[in-house]
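Coordinates for the following, if possible.
(2 chains)
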Amino acid sequence: MIKRGLNTGVLALAKLCGWIIRKARVGKVLIVEVCGNNSKPYVLALKEDRDRELYAVAEPLDIGSAICFEGELASEQRSKRGIEYVATRIEVYAKPIEHLPVDIAGKVPALLETRIKYRWLLARNPVEKAIFKIRTGVLKAAREYLEKNGFVEVQTPKIVAAGAEGGATLFKVQYFEREAYLSQSPQLYKQMLISSFERVYEITPYFRAEKFNTTRHLNESWGIDIEQGFINGVEDVMQTAENLVSYIVDFVRINYKDELEILGVNLPKLTPPFRRLKFTEAVDILRSEGIEVSEVEDLSDAAEKKLGEIMAEKKHDLYFIVGFPWTSTAFYYMREEDKVYTRKFDFDYKGLEIASGGQREHRYDKLVEALREKGLNPADFEFYLEAFKYGMPPHGGFGLGVERLIMKMLNLENIREAIMFVRDRTRITP
RNA sequence: GCCGCCGUAGUAUAGCCCGGUUGAGUAUGCGGGCCUGUCGAGCCCGUGACCCGGGUUCAAAUCCCGGCGGCGGCGCCA
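Presented below is the predicted three-dimensional model:
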């Protein structure tokens, strides 16, 4: 029986497909490495005298050829790089019409620019492929965790009306005779759904029209957004955040051993609860280190990074900063009685904010008041406000940046490495 | 929006500061040869490049100006 080989690569008899990434001829032996869906390459060792026919087929094939082979796992595994098969048949599906523009074998480094341009091709390289296989695992783990914990997956619109709440700049789109925008966050919609679902989540793109050019921003990025109702306080939401991230990291640690090894990443097991740092505490810590920090504004990236270093020394890779001042947050966060601080938190991983969220204001009157205080017109938020009229329970949630999480998990230097097709300040192709 | 750095073969780089000895060096790739299954195999031969435009000069990859492109920092970034 011929079976399509899956990720395991351990089927006794299989048809395996992929692309030739390396070819070496040593004496009378031709060694062909083929990359498929598997992270480790398939390796065929063909001897000129023993495997005359297959040798003749494989010998002239260029790097990049698309082939399938039928065969079984070799009893003798001599390759240090891949899994060896004894082939009984090789079929050639396509040959490259030009030499590959980048080195798939990874011998010659490519600049980030080149890597981004040819990522879809470079993913034939086990190192590049590993990042994307892990990305798949991150989303799979997130769904698994959230489903197990009673969250319902939802989809909210990505074409939205004016984002009168300010914040990140919006991309304009022409929507028939009106102007619309690409959604920068499902925030308002997922909150509205807490009037009928106890817990929801969405895995969604964020579109942000900021002209940033940094190692940690994208103009199109992905988030795991959750909202949960009937909470007793912001603590419930932080627990979801830390348990979710720990579950994801553990899932990757256990199920993606090969990929982590290929990437040279050692992922330690996470053990929540993580440290909760009050915003005022964070300010004190930074000031005691001589960093200038405002008491009424969000922390700057530099301050956030520095705090990451200080926390790392105390063995805290992940930690929360809770209780941001109302002056630095959006209108929908619940304020404490003092009206100065809010129940907004940031969730930082090695000095980078990977998620932010908090408890929301669910009381209609207070929400309208908050809008006014932020200088916004409640009439612009009518569709949203209406959801708070018919029994909106206390709720909270957060948005977790997928690329930022992957970047920190895998120690990537640039967020662009964590996404296949990059949308940044200058790129809209490929 | 402001600021800094960079742009040499398919890819990655040396040379640029201090212009001429560079008909631009190296690695990898590619073509060819050798080689007892390589592990970034090795050895030999060959192949291919100065982002664009203008200027200075006897002479420009190298200095100057402009453009285009890339990377990063600040600002900004629910």
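
now check stretch A:369-376, is it near RNA strand B?
No - taking CB under 7 Å from any atom of the strand as the criterion, stretch A:369-376 and RNA strand B are apart, separated by no less than 10.0 Å. Backbone N, C-alpha and C define where each C-beta goes, glycine included.

wait, I meant stretch A:386-405
Yes - under the criterion of CB under 7 Å from any atom of the strand, RNA strand B is reached by stretch A:386-405 at A:Gly399.

So for that stretch, first residue to last residue, what's the gap.
Taking CA to CA, to the nearest Å, the first and last residues of stretch A:386-405 lie 34 Å apart.

List the buried residues in that stretch.
With burial defined by 16 or more other CB atoms under 10 Å, the residues of stretch A:386-405 counted as buried are A:387-388, A:392, A:394-405.

And the residues you listed, which is closest to RNA strand B?
A:Gly399 (6.3 Å; CB to the nearest atom of the strand).

show me what contacts the closest one?
Contact partners of A:Gly399, counting by CB atoms under 8 Å, 6 or more residues apart in numbering, are A:Ser185, A:Pro186, A:Gln187, A:Tyr206, A:Gly223, A:Ile224, A:Asp225, A:Ala355, A:Ser356, A:Gly357.

Spatially nearest residue to the fifth one, not counting backbone neighbours?
It stands for A:Gly223. Leaving aside its sequence neighbours, A:Gly223 sits nearest to A:Gly399 (CB to CB, 6 or more residues apart in numbering; 4.6 Å).

could I have whichever helix or strand that neighbour is part of exported to CSV, CA atoms only?
Element membership for A:Gly399, per DSSP states H and E: strand A:395-401. Extracted as CSV, the C-alpha positions of strand A:395-401 are listed here (Å, rounded to 0.1, in the frame of the first residue of the first chain):
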residue,chain,number,x,y,z
HIS,A,395,-15.8,41.7,31.3
GLY,A,396,-12.3,42.0,30.1
GLY,A,397,-9.9,40.7,27.5
PHE,A,398,-6.7,41.3,25.6
GLY,A,399,-5.0,41.2,22.3
LEU,A,400,-1.9,39.1,21.9
GLY,A,401,0.5,39.8,19.1
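
Just give the number of residues close to the residue of the stretch 201-350 of chain A found nearest RNA strand B.
The stretch 201-350 of chain A approaches RNA strand B most closely through A:Thr214 (3.1 Å), counting by CB to the nearest atom of the strand. Neighbourhood size, A:Thr214 [other CB atoms under 10 Å]: 12.

Pull up the pairing partners for the strand holding A:Gly399, direction included.
strand A:220-229 (antiparallel), strand A:352-359 (antiparallel) (DSSP bridges).

With respect to A:Asn414, which of those strands lies nearest?
strand A:352-359 (12.2 Å; CB to CB).

Tell me how far A:Lys190 lies from A:Arg363.
18 Å (CB to CB, to the nearest Å).

do the same with A:Leu182
Noted for A:Leu182: a distance of 31 Å to A:Arg363, by CB to CB.

So for these two, which residue has more residues nearby?
A:Leu182 (19 against 14).

how about that one, what does it touch?
A:Leu182 makes contacts with A:Lys158, A:Ile159, A:Val160, A:Leu170, A:Phe171, A:Val173, A:Phe207, as judged by CB under 8 Å, 6+ apart.

Setting the sequence-adjacent residues aside, check what's closest to the last one.
The reference is to A:Phe207. Nearest to A:Phe207 is A:Leu182, by CB to CB, 6+ apart, at 3.7 Å.

Near A:Arg22, how many residues? Count them for me, please.
Neighbours around A:Arg22, by other CB under 10 Å: 18.

before we move on, what about A:Tyr42?
27.

Where do the strands of the stretch 251-400 of chain A begin and end?
Along the stretch 251-400 of chain A, counting by DSSP state E, counting those that start in this stretch, strands occupy A:275-278, A:318-322, A:344-349, A:352-359, A:395-401.

Tell me, what's the model's pLDDT at the residue in chain A that RNA strand B sits nearest to?
As assessed by CB to the nearest atom of the strand, RNA strand B sits closest to A:Gly27 within chain A, at 1.9 Å. For A:Gly27, the pLDDT comes out at 82.

so how far is A:Tyr85 from it?
Counting by CB to CB - A:Gly27 and A:Tyr85 are separated by 20 Å.

between those two, who's got more neighbours?
Comparing A:Gly27 with A:Tyr85 by other CB under 10 Å, the one with more neighbours is A:Tyr85, at 22 against 7.

Verify the assumption that the more buried one is located in a helix.
No - with DSSP: H, G, I helix; E, B strand; the rest coil as the criterion, A:Tyr85 is assigned strand and is not in a helix.

Surely it touches A:Pro41?
No - between A:Tyr85 and A:Pro41 there is no contact under CB atoms under 8 Å: 10.5 Å.

show me what contacts the spatially closest residue to A:Ala282 that is not a sequence neighbour?
Once flanking residues are discounted, A:Ala282 sits nearest to A:Ile321: 5.1 Å by CB to CB, 6+ apart. By CB under 8 Å, 6+ apart, the contact set of A:Ile321 is A:Leu277, A:Lys278, A:Phe279, A:Ala282, A:Leu299, A:Leu307, A:Phe345, A:Asp346, A:Asp348.

Any idea which of those the model trusts least?
A:Leu299 (85).

and that residue, what is it in contact with?
By CB under 8 Å, 6+ apart, the neighbours of A:Leu299 are A:Ala282, A:Leu286, A:Val293, A:Leu307, A:Ile321, A:Asp346.

beta partners of the last one?
Okay, so that is A:Asp346. Beta-bridge partners of A:Asp346, as defined by DSSP bridges: A:Ile321, A:Ser356.

That one contacts A:Gly358, correct?
No - with contact defined as CB under 8 Å, A:Asp346 does not reach A:Gly358; the gap is 9.1 Å.
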